[in-house]
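Engineer: Could you look at this predicted model? Sequence included:
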Amino acid sequence: MELLSRIAELHTTELGAIRIKRNLSLDCDDVVAWCKEQLCSPEALIERKGKNWYATVNGCIITVNAYSYTIITAHKLKIKEH
């Protein structure tokens, strides 16, 4: 998996960190470390679509740019109601 082999390059912007914390209601100082931990989880389902990687794990989706390895955003998974 290309994303995991380059996990050390993962980073985000200051605004990205704020957005991720808000979207996931995180209470941690190091958002990048938190995301790395999630991505390395055996439960993580990682797929590439176009210019981004999407990792679904522990009830959220983490979006990473495939070229710059910037964590763009993360969202809680929306539960589909029938």
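Structural biologist: Alright, I've got the coordinates. Numbering: from 1, shown residues only.
Engineer: Same question for stretch 72-82: list its buried residues.
Structural biologist: Judged by neighbour count (16 or more other C-beta atoms under 10 Å), stretch 72-82 contains these buried residues: 72, 74. In short, each C-beta sits where N, CA and C put it, glycine included.
Engineer: Other residues contacting that stretch?
Structural biologist: The contact list for stretch 72-82 (C-beta atoms under 8 Å, 6 or more residues apart in numbering) reads 12, 16, 19-20, 23-24, 35, 52, 56, 59-65.
Engineer: Mind giving me the PyMOL select for those residues, buried ones only?
Structural biologist: Buried residues within those, by 16+ other C-beta under 10 Å, are selected in PyMOL with:
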select buried, resi 12+16+19+20+24+35+60+61+62+63+64
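Engineer: what about dumping the CA coordinates of the helix or strand bottoming out on mean pLDDT in the chain to CSV?
Structural biologist: When each helix and strand of the chain is scored by mean pLDDT, DSSP states H and E, helix 2-5 comes last, with a mean of 93. The C-alpha trace of helix 2-5 is given here as CSV (Å, rounded to 0.1, in the frame of the first residue of the first chain):
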residue,chain,number,x,y,z
GLU,A,2,1.7,3.2,-1.2
LEU,A,3,0.1,5.4,1.4
LEU,A,4,1.3,3.3,4.3
SER,A,5,4.8,3.0,2.8
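Engineer: Helix or strand next in line after that helix, which one?
Structural biologist: Downstream of helix 2-5, the next assigned helix or strand under DSSP states H and E is helix 14-24.
Engineer: Give me the residues contacting that following helix.
Structural biologist: Contacts of helix 14-24 (C-beta under 8 Å, 6+ apart): 12, 26-28, 31-32, 35, 60, 70-76.
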